[in-house]
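# Coordinates for the following, if possible.
(one chain, ligands or ions: 1)
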Amino acid sequence: MKSTTRLTMVLAAALLTGAATPAFAEADIANGQKIFETRCDTCHSLEPGKRMTGPSLHGVGNRAAGQAENFPRYSKIMQASAGAGLTWTADTMAAYVQDPQGFLEKFTSDAGVSAGGRTSMTYRLRDEKGAADVAAYLISLSQ
Ligand code: HEC
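Below is the predicted model:
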């Protein structure tokens, strides 16, 4: 077995079992930047206040959801999640980008808030390791 394959399997196992080390410690920030630049920046800028299809992600790491400057178009379910205390940590961002609608539905339902509606982020990153990496990259920019 190639060592990179084995490493990926170990990381996947660690993520699945929620083992000792948090996803952030395992994440590859350089790969996260590459993913951001190929998958996310068609809709998101890193410049403060620069609105595209999505809000600017400047400073989004460890910030409360739904707070970007100059983005008046957050969906109802995102606003409800923000009201219920959603914060963008490495873990919440990684889960969100893999399934934005499912994540926000679960978050609002766990918080006992009935929001309904759909998030306007229609994109899904179907790559668990990539999601952890891009989340770690965004967190690293906010430190
Ligand atoms: C097709 C456009 C599109 C793509 C591609 C996209 N997003 Fe989004 N994103 C949005 C929109 C629109 C919202 C606002 C969602 C809402 O209000 O429900 C959003 C919201 C977010 C938020 C919450 C921001 C806040 O201020 O609370 C994060 C974090 C985020 N996206 C990360 C990412 C990452 C990371 C990627 C790449 C893996 C990505 N997005 C790809 C359109 C996109």
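# Quick check, pLDDT for residue 112.
We have a pLDDT of 96 for residue 112.
# Now do it: how many residues are near it, please.
By other Cβ atoms under 10 Å, the residues close to residue 112 number 7. (Glycine included, C-beta is placed from N, CA and C.)
# repeat for residue 29
Residues near residue 29, counting by other Cβ under 10 Å: 17.
# Touching, it and residue 133? I think so.
Yes - taking contacts as Cβ atoms under 8 Å, residue 29 lies within contact range of residue 133: 6.9 Å.
# residues contacting residue 73?
The contact partners of residue 73, taken as Cβ atoms under 8 Å, 6 or more residues apart in numbering, are residue 120.
# per-residue confidence for it?
So residue 73 comes in at 94 (pLDDT).
# What values do phi and psi take at residue 87?
phi -120, psi 140 (degrees, to the nearest 10).
# who's it bridged to?
Beta-bridge pairing for residue 87 (DSSP bridges): residue 64.
# Test my guess that it contacts residue 66.
No - here residue 87 lies out of contact with residue 66, judged by Cβ under 8 Å, at a distance of 10.5 Å.
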